[in-house]
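J.: predicted coordinates and the sequence they were generated for:
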Amino acid sequence: MNNPNRRHVLSLGVALGLVSVADPAKAWAWASADSVAGAGAGVDPEYVWDSATDPLMVSLLENGQVPSVNTAMAGWVNNRDALPAGLPGALTAHLLRVNKLPSWADPAKLARAADFNRRKDTYLFVLYGLGSGIMSTVIPREARSVYWSVGGADMNDRAAKTFTFGYDLSQLDAFKPTGQFVVTANKTRLVHAAVRHLLPQSPHWQAGADQTVPISAADILVTFHSLGTFVHRKLLDWKVPMSAADEEAFLHSWQVAIHLLGVPDEYIPQTWAAAEAQSAQVLTPILAPTPEGLDLAEVLLGLTAEIDLGVTRGFLNEFVRYVLSNEVGDWLGLRRDYAAAALIRTAWPAFILFREGLSPVVPGAFYMFDQFVRALAMLFLSKGASTTTTPITIPTGNRPTG
C-alpha cells in the first residue's frame, strides 16, 4: 500500500473528488509560475524546510531554554498582543520578522473568507472533522509524526491543539488585531521546528521514516491540500452554492495561513486550479494505511463517538466512508452499516438542498442531520476553547515509551 500503482492512484483520486491525478513516480514538476510569488527556483519542496526557524529552535532546545519560552508565551494569545517579555533575543528578533501578514495579504478577501466560513460552517465542520481529520491518519508521514511525537501519547490534548489552528482560522476576526490566528500560526511554526529536531532522535520514528527530517515544505503542502483543497472540492461536489469571490477568498485565507507557517511563497498555489494540480502530485499518490495511522484513527473516532452525536457508530463510520471513500474506510477497518450508508447517500444531498433554500421539501432525516452537525460543531468549538487551559507549547521530547 505504501507504493500504490497507477490504477490505485487514479481510482482513489476519483473517489476523493480530485479532477486529475499526477503520476506518483514523476519528479517535482509543479510550475512556480502558478504560485502567489509567480516565479521560483523550482527546487522540490521535499527538500525545503524552515531555514529561518529551524536553527533557532535547535539552539533553544539544546540550551534548555524551551520551558521558559513556553512560560513566557502562555499569555501571548491575540494578534495585537505585544511580544512576550523575557524571550531570548534571537527568538524575539525572529518573531518581529514573521509575526505579521505578508505584504500581499488582502484584508477585503480575508474578511470575505471569514464571512464565508460563518455562512458555510455546517459543511465545514463535517468536512474538516470527518474528512480532513480522518484523512490525516492515512497520510503516512503525518500519522507517524503525530504518533511518535510527544502529542501522540495524549490524543485528547493533541486534538485540542490541532482544533485550535482550525478554530482560530475560522473566526470572523482571525487575521485582525482582535483575532488569534497570526499568533497561533507562529506558535505552530515553532512547534514544527522543534519536532524537526526531536523526531529524528526517536528510533521508533526512524524505523518507519522515509525521510531524514520531518515536516518539509512538501509535507505542509500535503496538509493544506488535505484541508483547504479537499474541502473546496467536496463543496463543489456537493453543489453547495458559492460565488467566485467566495471561492477566491476561501483560498486566500489558506494562502496566508500557509505563508505564516513558513512555506515559501513560490510553493503556495495562486488559484484553485493550481492547488488541485499540486494536490494531485503531492497528496493523492501517498495516501496509505500505517499501523500508527490505524491507531490514531480509532482514537479520533472514539473521541468523536464520546460526544452525543445522536447517531450510531455505524452511521459515523458510514459518513466517514461517504466523505473519504470506501477504500479509505476499508483501510481503517470501519465496520459497514449498509442501512446508514443508503440513508446518507440519499438524505444528505436533500439536506443540503433544503438548507440552501434550493428545495422546499424538508428531508425526513433533516433533524437527525441537524443534530449531528450541531454536535460536531460543539466538539470543534469545545476543543478549540479548551486550549485556553492547554495552550500550544513547544515540545522538548518525543512520545514516551515503555
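T.: Right, received. Where do you want to start?

J.: rest of the way, CA atoms for contacts and neighbours
T.: Fine.

J.: and Glu276, how far is that from Leu353?
T.: Going from Glu276 to Leu353 by Cα to Cα, to the nearest Å gives 26 Å.

J.: repeat for Arg119
T.: Using Cα to Cα, Arg119 is found at 15 Å from Leu353.

J.: neighbour count: those two, which is higher?
T.: Using other Cα atoms under 10 Å, the more surrounded residue of Arg119 and Leu353 is Leu353, with 20 against 11.

J.: just to check, that one is in contact with Val362?
T.: No: taking contacts as Cα atoms under 8 Å, Leu353 lies outside contact range of Val362: 9.2 Å.

J.: so what's Leu198 up against?
T.: By Cα atoms under 8 Å, 6 or more residues apart in numbering, Leu198 lies in contact with Thr396, Gly397, Asn398.

J.: one more time with 10 Å
T.: Val58, Leu61, Ser149, Val150, His192, Val213, Pro214, Pro395, Thr396, Gly397, Asn398 (Cα atoms under 10 Å, 6 or more residues apart in numbering).

J.: hey, which helix is longest across the chain?
T.: Looking across the chain with DSSP state H, the single longest helix is helix 366-385.

J.: helices along the stretch 1-150 of the chain, start to end?
T.: 6-15, 54-62, 66-73, 89-98, 107-119, 121-126, 133-135, 140-148 (DSSP state H, counting those that start in this stretch).

J.: contacting residues around Thr346?
T.: Thr346 neighbours (Cα under 10 Å, 6+ apart): Pro363, Ala365.

J.: wait, Pro140 sits on Leu287?
T.: Yes: applying Cα atoms under 10 Å, one finds Pro140 in contact with Leu287, separated by 6.8 Å.

J.: and Ser51, how many neighbours does it have?
T.: Neighbours of Ser51 (other Cα under 10 Å): 10.

J.: same thing with Thr284?
T.: Neighbours around Thr284, by other Cα under 10 Å: 29.

J.: do you know how far it is from Leu101?
T.: Per Cα to Cα, Thr284 is found 30 Å from Leu101.

J.: which residue packs closest to Met73, ignoring adjacent ones?
T.: Pro84 (6.0 Å; Cα to Cα, 6 or more residues apart in numbering).

J.: need the pLDDT of that neighbour.
T.: We have a pLDDT of 95 for Pro84.

J.: and if you look at Leu10?
T.: At Leu10, pLDDT is 45.

J.: may I have the helix or strand encompassing Pro349 exported as PDB, CA atoms only?
T.: If you go by DSSP states H and E, Pro349 is part of helix 338-355. Output of helix 338-355 as PDB, limited to C-alpha atoms (Å, rounded to 0.1, in the frame of the first residue of the first chain):
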ATOM      1  CA  TYR A 338     -25.500  -0.500   4.800                       C
ATOM      2  CA  ALA A 339     -28.800   1.000   6.000                       C
ATOM      3  CA  ALA A 340     -26.900   4.100   7.300                       C
ATOM      4  CA  ALA A 341     -25.000   4.200   4.000                       C
ATOM      5  CA  ALA A 342     -28.200   4.300   1.900                       C
ATOM      6  CA  LEU A 343     -29.700   6.900   4.200                       C
ATOM      7  CA  ILE A 344     -26.600   9.200   3.900                       C
ATOM      8  CA  ARG A 345     -26.400   8.900   0.100                       C
ATOM      9  CA  THR A 346     -30.000   9.900  -0.400                       C
ATOM     10  CA  ALA A 347     -30.700  12.200   2.600                       C
ATOM     11  CA  TRP A 348     -27.500  14.300   2.800                       C
ATOM     12  CA  PRO A 349     -27.900  15.900  -0.700                       C
ATOM     13  CA  ALA A 350     -31.500  16.600   0.200                       C
ATOM     14  CA  PHE A 351     -30.400  18.200   3.500                       C
ATOM     15  CA  ILE A 352     -28.000  20.500   1.600                       C
ATOM     16  CA  LEU A 353     -30.700  21.500  -0.900                       C
ATOM     17  CA  PHE A 354     -33.200  22.400   1.800                       C
ATOM     18  CA  ARG A 355     -30.600  24.300   3.900                       C
END
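
J.: so what's the gap between it and the chain middle?
T.: Helix 338-355 has its C-alpha centroid displaced from the chain centroid by 26 Å (Cα atoms, centre = their mean, to the nearest Å).

J.: and it, what's buried?
T.: By 16 or more other Cα atoms under 10 Å, the buried positions in helix 338-355 come out as Ala340, Ala341, Ile344, Ala347, Trp348, Ala350, Phe351, Ile352, Leu353, Phe354, Arg355.

J.: could these go into TSV alongside distance to Gly314 and pLDDT?
T.: Output for the buried residues of helix 338-355, formatted as TSV (distance: Cα to Cα, whole Å; pLDDT from 0 to 100):
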residue	distance to Gly314	pLDDT
Ala340	7	95
Ala341	9	97
Ile344	12	95
Ala347	16	94
Trp348	16	95
Ala350	21	95
Phe351	20	94
Ile352	22	95
Leu353	25	95
Phe354	25	94
Arg355	25	93
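
J.: closest one of those residues to Trp205?
T.: Nearest to Trp205, judged by Cα to Cα, of the buried residues of helix 338-355 is Ala341 at 36.6 Å.

J.: how about the contacts made by the closest one?
T.: So, once contact is read as Cα under 10 Å, 6+ apart, Ala341 ends up touching Gly314, Phe315, Leu316, Asn317, Glu318, Phe319, Arg321, Tyr322, Ala347.

J.: what does stretch 205-213 contact?
T.: Residues outside stretch 205-213 that contact it (Cα under 10 Å, 6+ apart): 46-47, 49, 140-141, 144-149, 195-200, 203, 214, 290, 292, 398-399.
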